[in-house]
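Chemist: Mind looking at a prediction? Sequence and model below.
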Protein chains: 2
Amino acid sequence: MPKVETAPEGRSSVERIVDFLYKEITSMRMLPGTRISETDIAGKFGVSRQPVREAFTHLANMDLILVRPKRATEVKKLSIKAIEKSRFVRAAVEAAALREAVKHCDAAAGFQLEALLALQKKALAERDYRAFSKLDYDFHKTVCDIGKVPYAFEVIREEKEKVDRLCMLGLAKEDRMPLLVEDHEEITDAIKAGDAERAVDAGMLHLTRLDDTIKSIRINSAAYFDDNA
Amino acid sequence: MPKVETAPEGRSSVERIVDFLYKEITSMRMLPGTRISETDIAGKFGVSRQPVREAFTHLANMDLILVRPKRATEVKKLSIKAIEKSRFVRAAVEAAALREAVKHCDAAAGFQLEALLALQKKALAERDYRAFSKLDYDFHKTVCDIGKVPYAFEVIREEKEKVDRLCMLGLAKEDRMPLLVEDHEEITDAIKAGDAERAVDAGMLHLTRLDDTIKSIRINSAAYFDDNA
DNA sequence: TTGTCAATTCTTGTATCCCAGATTGAATAC
DNA sequence: GTATTCAATCTGGGATACAAGAATTGACAA
């Protein structure tokens, strides 16, 4: 018998609470500045305050909430500095991954990218943003895999998550799909051509697609931001 | 009245505990695999288990300890994968920072680097590793500042801390000083010359200086490592 | 001597209680 | 009417007590 892992309705109390709050916050259902109380959450989950406290510590370490002792705990506001840092790290890692991908690209790798591109065009034609989202994820992961730097994608994903919350405020994600597919196409061509600089340039251009979104959100939703750096 | 910040003997209990354990672990006074008990630490600090638990959560999030429920908590072993990831991120960020530094370098920036170099040579001549260590820190920070990417250095520092623990096992750090200063010299020259590729190459070479150390430690101290990837 | 099993004793997880600081709003003095 | 003060109340911080799981150690039998 393989030994059942039990886990009746999740795992531990704190994990369930962390998961719940994480999703609430990153999906922007809980807006920055929202105050959350240990007691409330404890009541909502039918547990004592202790697990909630630990969950809070977790989320605080993730920079998602701000615990102000004796005052209150609230959903952390977005920080321009943090976003810029994230943006920079992502660009640096993405560039490095692309250079490695160019170095290690072979015929099979080229086909992998082309296959993903085809699927993306299909999703684009069907205006299936959900599918495209997954394919976008796969594309960048594949680039990292081709470059034999799997950890690069971990970093990219981590940094991406940090700004994903913000993008929930942006509208009309569907409109940007064609542009993104074009970018992927250019990146693929550059990698297949073995042109590292062109691949990096395309990758960097690809990243700038986010900048406008961020800028407009920053203006329209200034209340959710913290520093004005 | 400026309002005294109190803080009798530090800050909060958990912060003191985190600081203590952090130093113990990163200085390798507590070796990987060492078991630590909430009760013990609580007793040692004269507090209850609660603050200790929170401190543990912190350290677990930093990947320094491993909490195994109902079993025990122990100092986390070193992970080859984590080291490679850290190494990659650092290289990527360092490269990006160097490119930016080249872009923004002016006469004043050049003098800053030269000044640091002179101090480093002085420390080298005096075999003052402690001073050199600080100057090395300053050098890389200055590069990031020149490139107007201050957050880059934050990342570099964070990643550096992750492998610093490991370097405690290495000996004869003094012997590598001349090589490191030479590297800094080459990096400075390349930046001043406005040659981005040369600067990046020099920076990458600089990073490889660590690789031998890591490799030898990995062999000599295999017991402290986790995965054998 | 060795293998098995059970009780004991560790470990962390959770609940409950009390405490101190901070906010807030009402009452009071001006 | 305005400003100040003080107390009720809400916040998180910490201590203690209890629960549950895993490892260890001991006895006992083969």
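Modeler: Nice, thanks for sending it over.

Chemist: tell me which parts of chain A are close to chain B?
Modeler: Proximity of chain A to chain B (Cβ under 8 Å from any Cβ of the partner chain) is limited to residues A:12, A:53-54, A:57-58, A:61-62, A:69, A:81, A:84-85, A:88-89, A:91-93, A:95-97, A:149, A:151-152, A:154-155. All C-beta atoms are positioned from the backbone trio N, CA, C, and that covers glycine.

Chemist: at 10 Å what do you get?
Modeler: For chain A, the contact set with chain B under Cβ under 10 Å from any Cβ of the partner chain comprises A:11-12, A:14, A:50, A:53-58, A:60-62, A:69, A:81-82, A:84-97, A:99-100, A:149-152, A:154-155.

Chemist: Wait, a helix at A:Phe132?
Modeler: Yes: under DSSP: H, G, I helix; E, B strand; the rest coil, A:Phe132 falls within a helix.

Chemist: give me the number of residues near it?
Modeler: Neighbour count for A:Phe132, taken as other Cβ atoms under 10 Å in any protein chain shown: 23.

Chemist: got the contact list for it?
Modeler: For A:Phe132, the contact set (Cβ atoms under 10 Å, 6 or more residues apart in numbering or on different chains) comprises A:119-124, A:126, A:139, A:173-174, A:177, A:180-181.

Chemist: Enumerate the residues of chain A near DNA strand C.
Modeler: Counting by Cβ under 7 Å from any atom of the strand, the residues of chain A close to DNA strand C are A:12-14, A:46-51, A:54, A:70-71.

Chemist: which among those residues gets closest to DNA strand D?
Modeler: A:Lys70 (4.5 Å; Cβ to the nearest atom of the strand).

Chemist: just to revisit the earlier point, which among the residues of chain A next to chain B end up buried?
Modeler: Among the residues of chain A next to chain B, the ones that count as buried by 16 or more other Cβ atoms under 10 Å in any protein chain shown are A:14, A:53-58, A:60, A:62, A:82, A:85-97, A:99-100, A:149, A:151-152, A:154-155.

Chemist: Spatially nearest residue to A:Arg198 (excluding sequence neighbours)?
Modeler: Closest residue to A:Arg198 in three dimensions, ignoring its sequence neighbours and counting by Cβ to Cβ, 6 or more residues apart in numbering or on different chains: A:Ala190, at 4.0 Å.

Chemist: Please give the element, helix or strand, for that neighbour.
Modeler: Assigned by DSSP states H and E, A:Ala190 belongs to helix A:173-193.

Chemist: And that helix, what does it pack against?
Modeler: helix A:80-104, helix A:107-125, helix A:129-146, helix A:196-220 (3 or more Cβ pairs under 10 Å, 6 or more residues apart in numbering or on different chains; DSSP states H and E).

Chemist: any idea of the mean pLDDT in it?
Modeler: Average pLDDT, helix A:173-193: 92.

Chemist: buried sites along that helix?
Modeler: Buried residues in helix A:173-193, defined by neighbour count with 16+ other Cβ under 10 Å: A:177, A:180-181, A:183-192.

Chemist: In JSON lines, list these along with distance to DNA strand D.
Modeler: Listed next are those as JSON lines, based on distance: Cβ to the nearest atom of the strand, whole Å:
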{"residue": "A:Met177", "distance to DNA strand D": "41"}
{"residue": "A:Leu180", "distance to DNA strand D": "40"}
{"residue": "A:Val181", "distance to DNA strand D": "45"}
{"residue": "A:Asp183", "distance to DNA strand D": "43"}
{"residue": "A:His184", "distance to DNA strand D": "44"}
{"residue": "A:Glu185", "distance to DNA strand D": "49"}
{"residue": "A:Glu186", "distance to DNA strand D": "49"}
{"residue": "A:Ile187", "distance to DNA strand D": "45"}
{"residue": "A:Thr188", "distance to DNA strand D": "48"}
{"residue": "A:Asp189", "distance to DNA strand D": "53"}
{"residue": "A:Ala190", "distance to DNA strand D": "50"}
{"residue": "A:Ile191", "distance to DNA strand D": "47"}
{"residue": "A:Lys192", "distance to DNA strand D": "51"}
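
Chemist: helices and strands around the host helix or strand of A:Val18, which ones?
Modeler: Element membership for A:Val18 (DSSP H and E) is helix A:13-26. With contacts defined as 3+ Cβ pairs under 10 Å, 6+ apart, the packing partners of helix A:13-26 are strand A:35-36, helix A:38-45, helix A:49-61, strand A:65-68, strand A:72-75, helix A:150-167.

Chemist: which one of the ones you listed is the most hemmed in?
Modeler: Counting by mean count of other Cβ atoms under 10 Å in any protein chain shown, helix A:49-61 has the highest mean neighbour count of the helices and strands packed on helix A:13-26, with a mean of 20.

Chemist: and that one, what does it pack onto?
Modeler: Against helix A:49-61 (3+ Cβ pairs under 10 Å, 6+ apart) you get helix A:13-26, strand A:35-36, helix A:38-45, strand A:65-68, strand A:72-75, helix B:49-61.
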